[in-house]
Each structure stands twice: as structure tokens, then as C-alpha cells.
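Peer 1: Predicted coordinates and the sequence they were generated for:
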Amino acid sequence: MPRTHFPSPLGRALPALCAGLLASGLACAQAGKDIVVGFANAKSGWLEAYDTPARRAALIRIDEINAAGGLLGRKLKVVETDTKSDRAQSAKAGLEALDQGAELLVVSCDYDFGAPAALEAQKKGKVSFFLCAEDIKAGVQGVGKYAFSSSVLGAVQGATMAEWAYHKRNMRQAYVLLDTTIEYNKGLCTGFDWMAPQLKGVTIVGRDNFKNGDASIAAQISRIKALPREPDAIMLCSYIPGAASAVRQLRAAGIQSLILNGAAVDGSYWLDSVPGLSNFAVPVQGSVYGDDPNPQVEAFNKTFATRYGARPSNTFAYPGYVLIEVWAKAVQRAQSLDADKVTAELEKMRGEPTLVGPRTFSKDIHHQNQARLLISEVRAGKPGIVDEWTISNPVPLPVLLKR
Amino acid sequence: MTAALQYLFDALSLGSLYALGALGIALIFGVMRLVNFAHGDVMTFAIFVLIAPTTEAVAPLWVGAWATPLIVLTVLGVGAALAVLAELAVFRHLRHATPATTMMAAFALGFVIQNLLLALHSSRAKAVNLWPQLNLPVDLWGARVPALQMLMIGITMALLVGLAWMLRHTRAGLEMRAAAEDFDMARMLGVKANRVILVAFGMSGALAALIGLFMVNQTGLVDIRMGAPMMLVAFVSTVIGGLGSLMGAVLGGFLIGFVSTALQAWLPLDARAFRDAFVYLGVIALLLWRPNGLFITGASRQRV
Amino acid sequence: MKNFLLRHRLETPVLLCLALALLAVLSLAGSNSLQRTTTEVLIRVVMVVGMFIFIGHSGLISFGHMAFVGIGAYGVAWTTMEPSIKQYVLTGLPDLLQQAALPWVPASLLAGLLAAAVALLAGAVILRLNGIAASIATFSLLAIFNVVYSNWDSVTAGSSSIVGIPTPVGVWQAFLFAAGAIALAHWHGISRFGLALRAVREEPVAARSCGINAWRQLLVAFVLSALVCGLGGALDAQFLGVVNPDAYYLGRTFTCLTMLVIGGSASLSGAVTGVLVLSALMELLIRLETGVSLGGMAIQLPSGSQEVVTGLVMVLTLIRRPAGLMQGREWQWPRLTHPSAPLPAASLEMQPR
């Protein structure tokens, strides 16, 4: 049974993971029977809250594969190392997992913190998957040819919201409010800005930016209020906590526009900040609210709840499940664990069915630059799936690379 | 005209937030020459008592579910208590240490508090909806000002006046001013140094908790990293206002709030992301013009 | 041999380098992971020694030195990365840098010089201040560096990380630079620059009356310390292979400052000791968090306890030894006869009393 990592009481030895002070690096490489899957994620520090749900989902898939007989006739064995939300530690955690024979290295949800570990895997010629990184660089362009991510690019999310709001909510005048703190936000707005000019009749009536940690966005709000007409939609490219704070302040100021955001804000856990919120929409890969059109997603949610005591709190659990899905399929087709063969199989995937929709990889893009996304809208404080959307054209690589 | 008034109120509200923070830091610096880097973490700790400790994504309200006066008293009390505890456990033993040591000790203490909170609550921001009616805007001569900001500005002014009165007209205030001016001499004249310092820490902790309450109301969240950005500005405000001067600290806070809002409003979009760089350039320029800050107290004047 | 060392006042740096060399040799017998940790420690030594050159001798706390570390790190990214990657990630670089792919030693030295040049310009302005105003000004420098590098997307890739810097730095490369940093710091300390600066620290008025120009001495130390910090940053980038402006901001500033103050900011040995002791403690705790089996019994600390325990140890150490572990003394051979005078223990004053 794959090892799950809970803070363990005294007396529970972690088999094959004894690192003494002057530890011999003669790690117990489990060559032979089992296939080792390494997880170099944050088990402590601020990144832990984001890595853990996706990792847990991945473990569920690994269990399912093992229960069905394993992969290539061998069982999957899990090795977990802690990056402690630190870049240097991330590299070491990756190395330790690789030293224990990992054939696949699953790294942190965030490009910045997952990249050092992924680089180590790249150097050793092993496939690496980012748990849920949504930056194009978490792949070929930023790590190397064996790096992948199973999540949907931020630019795609921004573009999806633009097109959906245009077609389904009559958005004609849009305002862009960008949180310049992290790369993901910039990716969201890049996608929105790429799609908006292609939509006839849409004008971006203004732009502004803020930082996630800003105590108040009063000046930004004043600028919006100074417009002759309230914009139909505000594209808010941000993440929790700044996004929740911004939405609260926007609504408090009496701005009733449709507010669009990226998947990072999915979840009902923060909705108490803006009680009675309405007219707020985000794109998600799968629904945690019980209303996903695919019954298997809800089955997964229930499995998750049984095993871990609570349903997944937002959509970021699904990429963890999906990455194991696609990797295992690629290994099966390649009939080998060799990174080149597995990568070639992954890159052949076009619309490969997974738990949360079709997944496509290509030689240049180890991400999803076009994907079916569900639109989750918050109405009177309750989120729910109202629609689904796939952008009409995939986001081109040059646009993605500009950020 | 309305636009200008609007920006004025925006600036005032941001400024009052910074000014309150600066006030808390200045209180302690004035008496102890200690830059309390743990101030932001005291604030965070105080407001985390609003929710029950859990690492789940949603946290049930704890103190936050009580009646309003109780909430305010408890949170302020926790802030004051933590600050006093910090003084008793850590800073009292560092009375004769160099400023560098006490600064690093304060930082390490803040680090411990932050990681304790991390262990108890996880790094996720937790939603807390306190007094939502305070977020509704009030119309003032065409400018739309959230009631919360009116309250913040009002309380800051009241506190400033109250503290000034306390410092001038009460015995405790007199002792504090004496200790700030010349600590050793004050002790020789019979001022109970430890008590003065305890009072200063208590007040500073309560102020920190107060800012925390404002921020929770403004943002609707509690997050372990809430304190940091604001505290840095508070630290800088204290210095540019003139060390040891409470009035100066408040003024420094308002100044930075004004400059920051003005830049946000008037910089072209491309440069707006660099807003903070301009603010800090301004800080350097101000320091070059007035190295001892805007209000020079006797304590900080160079003798030669 | 001993007399030779004593006569040329080389005792301390030689002892320090020997200790670091011993550490390097021991690590080679250990795992990959241990070697990486040792390299990190040696790089930290470079950074903290760099900070010591300014902070130790002048008595001014500078929060801004991470800016120079960052400038060095990005400098090396600009000059060593493959042009094919640079051309679509860093589109705003001037052509000269776009095409550059220097070997690591010249690139590191150039990066250090860049940091020193920035320090020369910035220091000339802010070192006219003293006391806490100077400290705030250095903090402003750090903040400005962070904002600029986080938003100048075409040249620094902004808040996104630059990934793909060649990584030739291992234990011995880091050791060489650490030894160099120690040598430089020691030379500055025993030269007339160091002496003059310490005089300014102790008695600014008397020093002025002796004809010492405080601003000039501060500037010399500032530029030198920026050079060493820049070298540290260059090493860091070429070790991890990834740079991000976030990594050179408050977190690391305070970690390094704490190491300096805990070791004893008044002496070079203090700087090195602080790094070694605190790094050893942190490593030990991380291992304990991962789980260690001692004689059949497994010990594992709960996740996140490393930071809490480290913080507590820092606080306790500062309470017990406010002047740091070394208290201003240097490493010396134990003596049977009368000891030679240590470098004077300093009190770091933020304002003249």
C-alpha cells in the first residue's frame, strides 16, 4: 500500500528513509520489483496548503492503479520528500527522491518552487510533472524536454473567461485589474488581453494594478468609479488572499459588475469574506460542489472525502489525479519507463480522455493551451457550475511565452 | 473637485492605517530604543483568536462570534498580553544589549510567533466576516467613503489627541516621556522603569490588535502574512517622522499613505507597478534632507 | 609555522579556512544531499562575511545587502545563460548580453563588480546618513531593488523565475570563494581602512578630529562588502540554477543578519561561526523532521517544528550572549603564554549617546 505521510508519532519508522546526520547517501534504491514515484512537495511552510490536495489526489490514483494490478505488472511505490516551501530545499528534496530510484518526479504546484526539483529530474533524465503549475515555463521551455504539467495554463483561463462572458453575459466593456505579485496573475491577464481584441465590440475601458499584500485598493476603486459607466465585467487577475480582499472592497464600494477571475480563486472556503456574493465567475477543471456533469468526478470527490476526512476544497486536486492518469497511460503504451519513450507517448496525446476532460500534449507544449473548462459562478454566496466553455482557438505559443 | 476629494479620503484612510502602525512602533522605540520587528506578528496573533485553530480550509468563528464589545476587548487584550509577555520573556533580559541584538531578537520572536500560527492554522487565508455594515459607503460632499475608513481616520485622530494628552497631563505619561528622553536619569529620579516599559508594550500591543481589526474588516480575511507589508511601512514611517516622537510617527504614516495613493492615482499604467520603488526613493530623499526625521526630539539630536 | 602566521597576522583566516576545508572534505564522504547542504553553507559564509565587512566594522545595520546578492545573481544569469534561451525569455537585454556566454569564474567576478558599482553609486548618496536613518535608507535600497527586479519583465523576467542557469558550483568552487571572501574581509580588517572605520564606529567625533573622513571609509567598506555579497549571489545562482527576486528579499536578509548577530557581528570569526552553528542547527532539525532512527527507535519531529525551534534557539542565544557567540573575539590557537590582544569588542551603536 502506498505510504501516506502524516505527522507520525514516536515509534513509527519510515522505512527506507533514514537520513542520519552524516547520512550515507547510499539511499535504499528500490530497484527491482516496484516502480518508484517520487513526490518532492511542500509538507510544511506556506506552500503546503496548495501542494497537499493535489498530492492526495495523485495518491488516490496510484492506489487505483495498484488495485487494478499495477503498471507494467509492477506495483507503484510512493516516496515523499519535503521541500519545506524553500527553493534550495526543493532541489535537495528532488535529489533525495531521485536517489531512491524515482522514475517519475512529481514536483510542487508552483513553477518557482517546483523548478529546482524538476531540474534535477531533467538532469538525471527522468520525467517530471508539476502538480498544478499553470505557467508555460513549467515544461519544455523552462525546465527541459521531460517536464510536464497536467493543469490548464493561466492564459487559457483568462481567454476562456473573456470569450464566455462575451457570448453568454453580453460583456462589451471590460476592465482589467491585475495583481502584479506573481506570474500566474500575469498569465491570466495575458490570456484575457489576447482574446479580447478578437471579440467584436469589446473594449477594455481601463486597466489598473495592485499588489496582493496591499491593505487597501481604494485608489484603484476610485478609478473604476470615475468611469462614465460601470464596466460590464471586471477581469480580476489575482489569487487568495488579495483577490478576496479586492472583491470585498469592490462590492462594498457598490460596484456590481460581473467579476471574472482564474481558477486559483475556486472554492467556497473564502466566500465568507464577501457574504452574499453574486455575479462572480471562475473557470475550473472539475467541480468540487457535487454538480460536475461527469459522475466520475463526484465519485472521486466522495473517495477523497472518505480517505482524507473532507472533500477537496477546490479544483486544484484534479490535476494531481490527472497527471498520474496520463503518465501511467503513456508508460503503458511505451511499455517502458525510459523517459524518451514515455515523453514521446505523452506528446502523442490528442484529446486523451481523463477525469476532467480531454488532455493534449505536443512537442513544444507540455501543457494545455486549449481546454474544456467548467464555469463556476457564485450566486448569493453559493458557487455552482453554470456552464462549460472551450476557447475557439488554442493560445499560440508566442503569446504564452511573452508571459 | 469630487475626484480630488475622493483621493484625499483614500489617502487619509491608507495613511491612518500606516499611522496607527507607526504609533505602535514609536511607543516602544521612544522608551526603549528597540525596533520591535515582532509588531506585525503580534497583530496577526491577536486577530487569529477570532477563529478556532484548525488547518482546514474553513475555520469556525471563535471569539469572532461573540458580541461586538467583547470581541474588541478580547482582541485588544490578547494583543496587549502578547506584547507584555514578549517584554517579560525576551526583551527584559536584553535591556543592556546593543540595538542590533534586540532588533534581531525581536525579529526571531516574530518568526517564532508566525511559525506557531502556521502550525496551528496552516498557511491558508481564512475568511472572517466582521461587521460588514462598516464597509458600506458614506456620501461626503460627493466623495464616497466607506464607513470603516471614516472610523479609522476618526480613531487615529482621537488616539493621537488622547495619547498626547496622556503624555502631557498624566503621571504615567510624564514617566514615559522622561524615560524616552533619558532612561538612566529617569530611573535615578525614581521612575519605575520596568513598569513604564510594560505600559508601553501593553499599549503598543493593543494598538497592533486594533489595526488588525481594521484590516480584517477591510479585507474579510485573516492570513498569517497580513502584518508584514504594513509593518515595514510603519517602521519606515517612524524613522522619517523622527524617532521617539509620536506625532512624527503619525505624520510619517500619513505622509507615506498620501504619497502612495497619489502615485497610484497619477502614475501612468506602465510605471504603476513600480509605485513602491518611487515611494522608497522618496523616503531616501526625505532622509537626506532631514536625517533625524521631521520632528526632532531632544533624544535624537546629535550633540556635535 | 605558527610564528610565521602570527607575525603576518594570518592566524585567524587560516584557522577559519581550515575549518571550512575540513567541512568540505567531510561532506565529500557523505551523500549528494549532504554535499549540497555544505555548498549552501559555504555560499552563506560568503554572503555573511560580505555583510560583516560593512556591518561589523561600521556598526551600522544594513538591511540592503541582499540587494547586492541579488544583483550578483542576476548578473551571472545574464552572462552565462545560453543565448538561445535568453532570446525569448529576456527579450529586453542589450545585444552584448544576449550573446554572452561566459565561463563561470569571469562571469562571477563581473557580477560582483556590477554589485560593487551599484553600491558605489548608492552608497555615495546614503552613507551621508548615520545611525538608524542609514539603516532605513539601506532597507529602502532593498525594497527598490525588489520592486524594480520584480517588474522589469523584459530584463529580469519579473516575478517569474529565471531557470536554466548553468550550475558548475559545487563544494570546492564554493570553498574557494569562501576562502577568498575571508581573505578579503581579513585584509580589510587589518588594513588602515578597517582601522579607520572602527575608529569612526567607536568615537566618531574623535575620529574626525584625527582626519578620518567617515563617509569615505564607510563607502570603501560598503563597496567591498557589496563586491563580496555580489560574488555570493553569483555563486548562489550558479548553484541552484534558478533566480527569483523573492529569494533576495526579507527572508534571506533576516536569516543572514541573524547568523551574523548570533555569531558576533564584531569579528570575522563571529560571522563564520554564526553561519556554521545556525546552519548545523537547521540541518539537524530538518533531518529530525524527516525522521531519524537512533538505535532502533525512530524520532520524528512534526512538520514545521524546524522553524519554531530555530527561532526559539535564536532568541535564547541572544538573551544569554547578547554580544554573540564569539563576543568580538577571533579564532586563535590556544595559548599558554599571554594572549595577543583580540580585535576590540564593539558595541553596535545605532545613535551616538
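Peer 2: Received, thanks. Numbering: from 1, shown residues only, chains lettered A, B, ... in the order given.

Peer 1: only C-alpha atoms for contact and neighbour calcs from this point on.
Peer 2: Noted.

Peer 1: In the stretch 301-403 of chain A, where is pLDDT below threshold?
Peer 2: A:403 (pLDDT under 70).

Peer 1: now do the stretch 1-150 of chain B
Peer 2: In the predicted model of the stretch 1-150 of chain B, residues B:1 satisfy pLDDT under 70.

Peer 1: now with 80?
Peer 2: Low-confidence segments of the stretch 1-150 of chain B (pLDDT under 80): B:1-3, B:30-33, B:55-57, B:64, B:140, B:142-144.

Peer 1: quick one: the helices in it?
Peer 2: Secondary structure of the stretch 1-150 of chain B by DSSP state H, counting those that start in this stretch: the helices cover B:2-32, B:39-48, B:68-89, B:99-121, B:147-169.

Peer 1: tally of neighbours for residue 305?
Peer 2: Reading this off chain A. 13 (other CA atoms under 10 Å in any protein chain shown).

Peer 1: let's do chain C instead
Peer 2: Residue C:305: 19 neighbours (other CA under 10 Å).

Peer 1: gap between it and chain A?
Peer 2: Using CA to the nearest CA, to the nearest Å, one obtains 9 Å as the distance from residue C:305 to chain A.

Peer 1: contacting residues for that residue?
Peer 2: By CA atoms under 8 Å, 6 or more residues apart in numbering or on different chains, the contact set of residue C:305 is C:285, C:289.

Peer 1: Repeat that for the one 4 residues further on.
Peer 2: Residues touching residue C:309, when contacts are defined by CA under 8 Å, 6+ apart, comprise residue B:112.

Peer 1: so how far is the host helix or strand of it off the chain centroid?
Peer 2: Assessed by DSSP states H and E, residue C:309 sits inside helix C:305-320. How far helix C:305-320 lies from its chain's middle: 21 Å, per CA atoms, centre = their mean, to the nearest Å.

Peer 1: Return the angle between stretch directions for it and helix B:68-89.
Peer 2: Here helix C:305-320 points in a direction 60 degrees away from that of helix B:68-89 (axes from the mean of the first three to the mean of the last three CA atoms, to 10 degrees).

Peer 1: circling back to that earlier point, out of the helices of the stretch 1-150 of chain B, which comes closest to residue A:215?
Peer 2: Distance to residue A:215, taken as CA to CA, is lowest for helix B:2-32 among the helices of the stretch 1-150 of chain B, at 7.7 Å.

Peer 1: Look up how far residue B:54 lies from residue A:304.
Peer 2: As for residue A:304, its distance to residue B:54 is 19 Å (criterion: CA to CA, to the nearest Å).

Peer 1: if we can go back for a sec, out of the helices of the stretch 1-150 of chain B, which is the most enclosed?
Peer 2: Most buried of those by mean neighbour count (mean count of other CA atoms under 10 Å in any protein chain shown) is helix B:39-48; its value is a mean of 29.

Peer 1: ok, that one near chain A or not?
Peer 2: No: Helix B:39-48 does not reach chain A (CA under 8 Å from any CA of the partner chain); its nearest approach is 13.2 Å.

Peer 1: What parts of the stretch 51-200 of chain B come near chain C?
Peer 2: Going by CA under 8 Å from any CA, the residues of the stretch 51-200 of chain B near chain C are B:90, B:93-94, B:97-102, B:104-105, B:107-109, B:111-112, B:115-116, B:119.

Peer 1: Cool, thanks, signing off.
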